[in-house]
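In: Take this sequence and fold it.
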Amino acid sequence: MTSEVIGRFEQVLRFASTRGIAEVHVKSGQRPLYRRSGALISRKDETTFSDADLDEIAAGLVPGAWLDDWSAGRDVTFPRGVVGCGRFRLTLFRQRGAVGIVAHVVPSKAQTLRELNLAKILGNWALLPRGLVILAGPPGSGRSVTWQALIEHINTVAPQPRHVLTLEDPIEVLFDDKLAFIRQRELRTDTGDLTVALGHIARMDCDVVAIADLPPEHLGAAVTLAEQGRLVLAVVAGGPPIDWLRQTLARQEPAQREPFRQRLAAQLRGISFQKLVPTADGKARVPALETVTFTPQMAELLRGAGDVAALQPLIDQARGQGCQTLDQSLVDLAHAGTIAVDQALLASEQPDALRTRITGVTAAVPLQAIGKVDDLPF
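Out: Next up, the predicted model:
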């Protein structure tokens, strides 16, 4: 039977799931904060939770597979379903000795590339027979939603059935088999850690391996899977493609750097980097996307020993061939009136250079960072 405290916490989650909230932040003695369209907002007359309440929530919600980590003082992230409401990804941690919670609202189903306003080239990557596709971006940039959209693209558009195997920690969106045969594996509950899970894929006869979070130390294993004739769709934490490539190569041991560079050049099919930018009216966020489709010329350059920055001119010149820089995406969004100039400049990696390309567009009023739920158009 659900306790009164857990019932109140689930009411907070229910409110979030019905109001377009992305994340909920719960801290002892304070009203929960909700992140909506990138802004942190609060709700009048909201319930608060004491230290004891949060301890009770943790004791009641942390599943057995994560209990040892939580008892040992480590942070944990796990899925939680609320009847009649939906699924959430809960992250529990301690700050100043008290429990803190961040709850991510999981969409009820995967969105399509069209619904997310994402570049069509991503759909082309998802239908490739083999190779490595990297989805990069900072936390909270929508990488996981894009990754889910690629799986759903395979599930609904692929010209022939494909066996898709996902590795997730935790599982968020649940997929129904359509054109694809999808197996979703959750680390800890369905298998061991990522090392163990990756080691068993060779025996599972899959066409596509979709990795929801690929740490740098496991990139070599992902390249190996691509070398074995599979398509690998991997989410990584990282910056724009050139930065990600430079950092990836720098992490390799000196003696292995050049051999790994050759392998990576042979398997890379595409790298995307995205950020979420508030719309001009402040009611939503849209993705600004940098995409690099690896042409034979780019692969040959990557195989060489020079700085990968030499790829940038090729990316700049290949917009019609599946490439687009982040600034090109921001300029398009601003010229269309979708985002304001000030938000485009904030999102740019090179705002001074972008400023000269985005003249003539009227800036909208910036979205306020902190407000109240009752003041917003819920």
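In: mind listing what residue 14 touches?
Out: 82, 85 (Cβ atoms under 8 Å, 6 or more residues apart in numbering). (Glycine included, C-beta is placed from N, CA and C.)
In: gap between it and residue 6?
Out: Per Cβ to Cβ, to the nearest Å, residue 14 is found 12 Å from residue 6.
In: I'd like to know the beta-bridge partner residues of residue 233.
Out: Applying DSSP bridges to residue 233 gives these bridge partners: residue 133, residue 210.
In: So which residues of the stretch 1-150 of the chain form strands?
Out: For the stretch 1-150 of the chain, strands defined by DSSP state E, counting those that start in this stretch occupy the ranges 23-26, 33-36, 39-42, 76-82, 86-95, 98-106, 131-137.
In: meant to ask about the stretch 151-300 of the chain
Out: 163-168, 181-186, 208-211, 231-237, 268-278, 285-293.
In: Adjacent strands (with direction) for the fifth one?
Out: Using DSSP bridges, strand 268-278 pairs in its sheet with strand 131-137 (parallel), strand 285-293 (antiparallel).
In: Now it: buried residues?
Out: With burial defined by 16 or more other Cβ atoms under 10 Å, the residues of strand 268-278 counted as buried are 268, 269, 270, 271, 272, 273, 274, 275, 276, 277, 278.
In: tell me, how many neighbours does the residue nearest to residue 198 when sequence neighbours are not counted end up with?
Out: Leaving out its chain neighbours, the residue that sits closest to residue 198 by Cβ to Cβ, 6 or more residues apart in numbering is residue 221, at 4.6 Å. Residues within reach of residue 221, counting by other Cβ atoms under 10 Å, total 18.
In: What separation is there between residue 221 and residue 228?
Out: 11 Å.
In: repeat for residue 333
Out: Counting by Cβ to Cβ - residue 333 and residue 228 are separated by 39 Å.
In: quick one: the helices in the stretch 201-350 of the chain?
Out: Assigned by DSSP state H, counting those that start in this stretch, the helices in the stretch 201-350 of the chain fall at 219-227, 241-250, 254-267, 296-303, 312-317, 326-335, 341-347.
In: Out of those helices, name the one with the poorest average pLDDT.
Out: In terms of mean pLDDT, the lowest-scoring of these is helix 312-317 (a mean of 89).
In: Which positions in that helix come out as buried?
Out: So for helix 312-317, counting by 16+ other Cβ under 10 Å, buried means 314, 315.
In: Check stretch 77-87 too.
Out: For stretch 77-87, by 16+ other Cβ under 10 Å, it's 78, 79, 80, 85, 86, 87.
In: same deal with stretch 246-262?
Out: So for stretch 246-262, counting by 16+ other Cβ under 10 Å, buried means 248, 249, 252, 260, 261.
In: Per-residue pLDDT of the third one, please?
Out: At residue 252, the model reports a pLDDT of 93.
In: Show the backbone phi and psi for it.
Out: In terms of degrees, to the nearest 10, the main-chain angles of residue 252 are phi -70, psi 150.
In: what residues are up against the nearest residue to it once chain neighbours are set aside?
Out: Nearest residue to residue 252, sequence neighbours excluded (Cβ to Cβ, 6+ apart): residue 260, at 4.9 Å. Taking Cβ under 8 Å, 6+ apart, we find residue 260 in contact with 220, 223, 249, 252.
In: go again using 10 Å as the cut-off
Out: Applying Cβ atoms under 10 Å, 6 or more residues apart in numbering to residue 260 gives the contacts 219, 220, 223, 248, 249, 251, 252, 253.
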